[in-house]
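Novice: Sequence unavailable; structure follows:
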C-alpha cells in the first residue's frame, strides 16, 4: 500500500457518513477501546510468537498488556507436535465393535444388564423406558495384531495393520449424553455453544506456520450418513478474534466459496480494490479500535493469498496412482472421507497447523451391525493409509493424529436384540479414542473398562484431560492459555483437566 | 459473620494508620513554620490538625486491636506496637487539649515548650510506626543489619554449594518466609534458620533427619494441593517439583543439617540439575517444569540466549524461526521449500545460533552434502529434515556424530540403502527416513 493516489482525499474522516458513524460510538465500544487498546490484539497470532520481530503495530498496541503477556509466554513446553489432524467420528462410534474387546459378553447374550453395573446411572430417554436392557455382545470378531498383540475388530483390518503406531485410550469419558452437548464439549470444553474450538485456541496461541493458508482447516466427508448434524460453530472461534475460526473446505467445485475472481475481473483489479478497502478499514480501525476490523483486514488479505494457495493445495493432479491405491478406491472421489484424508496429508505437508476431518454416521441406535460395517468400510483404509503415508514421509515425527467420537455406546441393545441385529444407545461413561504420532507412546493401550464396557476401572481420561494433553503436546499449558471475555478469563479446559502422563512418550 | 466484619475492618488498619501520621506531621510542620512571621497565621491551624491526628490515631488503635485478634504476630513486637500506639494517641489528645484557650491560659505553657512536646510526639510516631512496619514486613525489613549484611557469594559450582546455606535456606525464606518468620510465626513456625526449623511449630519439629517422609515440612509440601494442610496455604505459589526434590534430598542425604557441601555428600548427581537451575549456575539449564506436573528433561548444553541479530537476518531472508522454548532458548527453523537461497547466504547465521537449533528443516532446497558439512556443528539438533535434496552418501559423515539427533529425514535424496543402514546402526539416530531415496 505504499503508493499514493489522487483519490486519497476521499479517505478522510470528515465525510458526513463518517460523522454520522462517529455519533454511534457507544459507551461499551469506547470503554473497551480505551481501556485495552485492542488494536494490536488481532495481530497477536502472527506476531506473538515472533519473539524478536517487532512491528510498529505491535508497539503501538503495547497497552494490550495482559493479552500480549499471555501470548509471549508461549510455548510453555518444548512442543512435541507441530500439527494436528483430528479425525472426528461424529455420532459416537461403538467401542464394543471396534477396540474394547469384551469376550465375556458372549456368554451373557440377551441377559439383562446387572443393575450393579449400571448402578442407577441415567440413560437417555431413548432407552430409559425399555423393560429390559439385554446385553448385546459384538457380532464381529476380534483378532490380535501387532507386536503387542492388541485386540482389534475384524471391521478395521487396515487400522489393525498400523496398531503398533497407535496409542489406544479405552477409558475416555464425557459428561454429556446427547450429541450436541457432547460434541460441543469435545470441541470447546463446554457443553453450551459459544466457546472457541480446540483448533481456534491453537491458532490463537501458536499462530500460523503457513501464511498462505488458514491455520485451522475443516473437511467434512460427503459420504457419511448425515444422521446427526454438524454446524460451523463446532469449528468456530467463539470469543477469540474471528480469524482463528476453522475454515471449511468444501468437496469438489470451489473448495472455498467466492474465492475466484468474477469474470472479467483480474488479479490486478482485485489487488487494487483490496488496497483501498484496507485503507478504509484502517480508518475505521483508528476511529474505533475494534479488533474485528483487524481480523477483517487479515481475512481479506488471507483470502487474496488463498486465491492461489488453495487451488494448489487442493489439486490432486500430482498424486501418483500409488497414493490413491493406498487410501482406497473412494479416494479418487472428491469429498469422500478417503479423499479428505489425502487432502489432510497435503495440508499437513504445507504446515497447516490444525486439520479436522468430520465423518458422520456413527449414531447407530438400531441396525448397528450393518451400519457400523458400512462406516468402517468407508473410513478404515483411508485412516490407516493416512498413518502410513505420514509415517513414511517422516511427518509422524511432529504430527499428532487423533481418532474418536463424542461418546461411546451402551453394552445393552436399544430396541430388539436378535441373532443378527441390535442397536446401541449413547454411552458417555467409557469409550475409545486413539492418538498416533508426535509425543504419544506408540503401540500401547491405556485405561481399562469393566467386563461390560460400561464403567472405567483403570486410568479414566476426562474430555478435559484429553484436551489438556493435546495442548501439552503442542507446547501449551492448558491452564495458562486464557482469554478474557466478559470479565472472566476463559480457557479450553475450563477449570479442570489433567495431562495424561501415562500416554506421553518419554 | 460478625467476626468476618472484625477481620475485614482489622485489615484496614494498615491503611487508616497513615492518617494520624500525616496529621501529626502536619501539626508539627505548621507549628515550626509559624515561627516565621510570614507563616504566623498557620499557628491557628495547629489545634484542628492535632485534633484530627488524635481522632485518627484513636481510630487506628481500634482497627489495630481488631487486626491483632487475628493472631499470627510476634507477641513481643505486637505488645510494644500496641502500647506505643495507644500512648501516641493519648499524647496527641493531651497536646490538643493544651491548645484549648482556657487550658492554655491557665497553664501558661511557653510556645517553645509546646513545640518540644510536639517534637517528642513526632519521635513517638516514628517509633510506633517502625514497630508496625516490623510486624508486617519482618524485623529485618528495615534494620541496620540490612545495610551491613553481606550477600552470600554465589557458589562456583553445584558441588561447591552448601546444600542448606546456599540452596534450602534461601528457598524456604523465599517461598515460606512471608508467613513463617520471626514476627509473623504462622503455626508458630519460623523457617528463618535451621534451629527454628528443628524446634518446629504447633505440629512439632519440621524435620526428621534422614527421613523426608517423616518430616512435617516435607509432608506438608507434598500433600495434594487441595488438602487443607497443604503448604504454602491460601493459594500462594507452591514449590516447584525440583524444589521439592531438593528439600527431599537435603533431608535424606544431608540429614537436614547445615554446613554440608553438595559435592561431599552421597549421590550429588541426583540433585545436580535441580540445584543448578535453582542457583542459575553456569548458563546451562536444568529440567523445565510446571505446576501442571509434567517435567521435561532438557539438554543442559542448550544456551539460555541466542544471537538475536542472526535470527533477525535469517527471518529477513524468509526463514521461519520459531521459538520452541524460551528457557533455554530452543529454536525450530525452517527454510521454505524451493526458497532459492544458497547455503552461503544462511550458513553463517545458522552457525551463530547453532547451539540453539533443535529442529531444522532444510528440505527441497537443492542442497548437496558439501553444502551441509556445517551441520556437524549443530550439536544440539534433535530432528533434522533434509528430504528432497540431491544428497549422496556423504551426508552421513556430517550427521552421524550429532549426539542428540533422534530423527533424520532423507526421503527422496540420493543416499543409498547401504548408507542408510550404516547410519541407522552406527549412530544414536533412532529413526532414519529414506522413502524413495537412492534414485
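Specialist: Thanks, I have the structure now. Small disclaimer: the values here were computed from a predicted structure and weren't measured.

Novice: Leaving out chain neighbours, which residue sits closest to the closest residue to chain B within the stretch 151-300 of chain A?
Specialist: Relative to chain B, the nearest point of the stretch 151-300 of chain A is residue A:209 (6.7 Å; Cβ to the nearest Cβ). In this view, the C-beta of every residue, glycine as well, is placed from N, C-alpha and C. Leaving aside its chain neighbours, residue A:209 sits nearest to residue A:351 (3.9 Å; criterion: Cβ to Cβ, 6 or more residues apart in numbering or on different chains).

Novice: Name the SS class of that neighbour, please.
Specialist: On the three-state scheme (DSSP: H, G, I helix; E, B strand; the rest coil), residue A:351 is labelled coil.

Novice: Report the distance from the helix or strand harbouring residue B:28 to the chain centre.
Specialist: Using DSSP states H and E, residue B:28 sits in helix B:18-33. Offset of helix B:18-33 from its chain centre (Cα atoms, centre = their mean, to the nearest Å): 39 Å.

Novice: And the chain, split by domain according to the record?
Specialist: You didn't pick a chain, so chain A it is. Under the assignment automatic domain parsing, the domains of chain A span A:12-73, A:83-260+A:314-503.

Novice: actually chain B
Specialist: Domain ranges of chain B: B:2-147, B:163-296, B:308-433, per automatic domain parsing.

Novice: pLDDT score assigned to the residue nearest in space to the middle of chain A?
Specialist: By Cα atoms, centre = their mean, chain A has its centre lying nearest to residue A:356, at 4.4 Å. Listed pLDDT for residue A:356 reads 98.

Novice: Doesn't it belong to a strand?
Specialist: Yes - applying three-state DSSP, one finds residue A:356 inside a strand.

Novice: What is the burial count for the closest residue to residue A:102 other than its chain neighbours?
Specialist: Among residues not flanking residue A:102 along the chain, residue A:453 sits closest, at 5.3 Å (Cβ to Cβ, 6+ apart). Other residues near residue A:453 come to 28 when the count uses other Cβ atoms under 10 Å in any protein chain shown.

Novice: Just the pLDDT for residue A:453.
Specialist: 97.

Novice: hang on, isn't it packed against residue A:97?
Specialist: No - judged on Cβ atoms under 8 Å, residue A:453 makes no contact with residue A:97 at a distance of 10.4 Å.

Novice: Validate this expectation: residue A:434 resides in a strand.
Specialist: Yes - counting by three-state DSSP, residue A:434 is located in a strand.

Novice: Pull the contacting residues for it.
Specialist: A:99, A:166, A:167, A:168, A:169, A:402, A:403, A:404 (Cβ atoms under 8 Å, 6 or more residues apart in numbering or on different chains).

Novice: And the pLDDT for the nearest residue to residue B:410 once chain neighbours are set aside?
Specialist: Leaving aside its sequence neighbours, residue B:410 sits nearest to residue B:434 (Cβ to Cβ, 6+ apart; 5.0 Å). Looking at residue B:434, its pLDDT reads 96.

Novice: Please list all residues in contact with residue B:434.
Specialist: Residue B:434 neighbours (Cβ under 8 Å, 6+ apart): B:410, B:411, B:413, B:415, B:417, B:420.

Novice: Quick check: which element contains the residue of the stretch 51-200 of chain A at minimum distance from chain B?
Specialist: Closest contact between the stretch 51-200 of chain A and chain B, by Cβ to the nearest Cβ, is at residue A:78 (4.4 Å). Per DSSP H and E, residue A:78 falls between elements, in no helix or strand.

Novice: residues near it, how many?
Specialist: Residue A:78: 21 neighbours (other Cβ under 10 Å).

Novice: next one: residue B:374
Specialist: Using other Cβ under 10 Å, residue B:374 has 15 other residues around it.

Novice: Would you confirm that the residue of the stretch 51-200 of chain A closest to chain B contacts residue B:332?
Specialist: No - using Cβ under 8 Å, residue A:78 is not in contact with residue B:332; the gap is 9.3 Å.

Novice: what sits in contact with each of these two?
Specialist: Joint contacts of residue A:78 and residue B:332 (Cβ under 8 Å, 6+ apart) are B:324, B:358.

Novice: least trustworthy helix or strand in chain B by mean pLDDT?
Specialist: Least confident helix or strand, chain B: strand B:288-289 with a mean of 54, by mean pLDDT, DSSP states H and E.

Novice: JSON lines for the domains of chain B, including distance to residue A:446?
Specialist: What follows is these, written out as JSON lines (distance: least, Cβ to Cβ, whole Å):
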{"stretch": "domain B:2-147", "distance to residue A:446": "46"}
{"stretch": "domain B:163-296", "distance to residue A:446": "16"}
{"stretch": "domain B:308-433", "distance to residue A:446": "22"}
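
Novice: from what I can see residue A:217 touches residue A:356, true?
Specialist: Yes - using Cβ under 8 Å, residue A:217 is in contact with residue A:356, at 7.5 Å.

Novice: Spit out the residues that contact these two alike.
Specialist: Jointly contacting residue A:217 and residue A:356 under the rule Cβ under 8 Å, 6+ apart are residue A:246.

Novice: got the contact list for the residue of chain A at minimum distance from chain B?
Specialist: Nearest residue of chain A to chain B: residue A:394, at 3.8 Å (Cβ to the nearest Cβ). When contacts are counted by Cβ under 8 Å, 6+ apart, residue A:394 touches B:385, B:387, B:407, B:409, B:411, B:431, B:433, B:435.

Novice: Buried only: go through those residues for me.
Specialist: Burial by neighbour count, 16 or more other Cβ atoms under 10 Å in any protein chain shown: within these this picks out B:385, B:387, B:407, B:409, B:411, B:433.

Novice: beta partners for the third one?
Specialist: The one in question is residue B:407. residue B:383, residue B:431 (DSSP bridges).

Novice: Correct me if wrong: it contacts residue B:384.
Specialist: Yes - using Cβ under 8 Å, residue B:407 is in contact with residue B:384, at 7.3 Å.

Novice: Which helix or strand contains the residue located most distally from the centre of chain B?
Specialist: Distance to the chain centre peaks in chain B at residue B:106, reaching 61.9 Å (criterion: Cα atoms, centre = their mean). Assigned by DSSP H and E, residue B:106 falls within helix B:101-107.

Novice: which other residues reach that helix?
Specialist: Contacts to helix B:101-107, defined as Cβ under 8 Å, 6+ apart, come from residues B:97, B:98.

Novice: Assign a three-state SS to the residue nearest to residue A:188 when sequence neighbours are not counted, would you?
Specialist: Among residues not flanking residue A:188 along the chain, residue A:195 sits closest, at 4.0 Å (Cβ to Cβ, 6+ apart). For residue A:195, the assignment made with three-state DSSP gives coil.

Novice: for residue B:209, same thing?
Specialist: Of the three states, residue B:209 takes coil under three-state DSSP.

Novice: And it, its phi and psi?
Specialist: Torsion angles at residue B:209 (phi, psi; degrees, to the nearest 10) stand at phi -50, psi 130.

Novice: quick one: the spatially closest residue to it that is not a sequence neighbour from residue B:208, how far?
Specialist: Distance criterion Cβ to Cβ, 6+ apart; nearest residue to residue B:209, sequence neighbours excluded, is residue B:255 at 4.0 Å. Going from residue B:255 to residue B:208 by Cβ to Cβ, to the nearest Å gives 10 Å.

Novice: Those two - which one has more neighbours?
Specialist: Between residue B:255 and residue B:208, counted using other Cβ under 10 Å, the more crowded position is residue B:208 (18 against 14).
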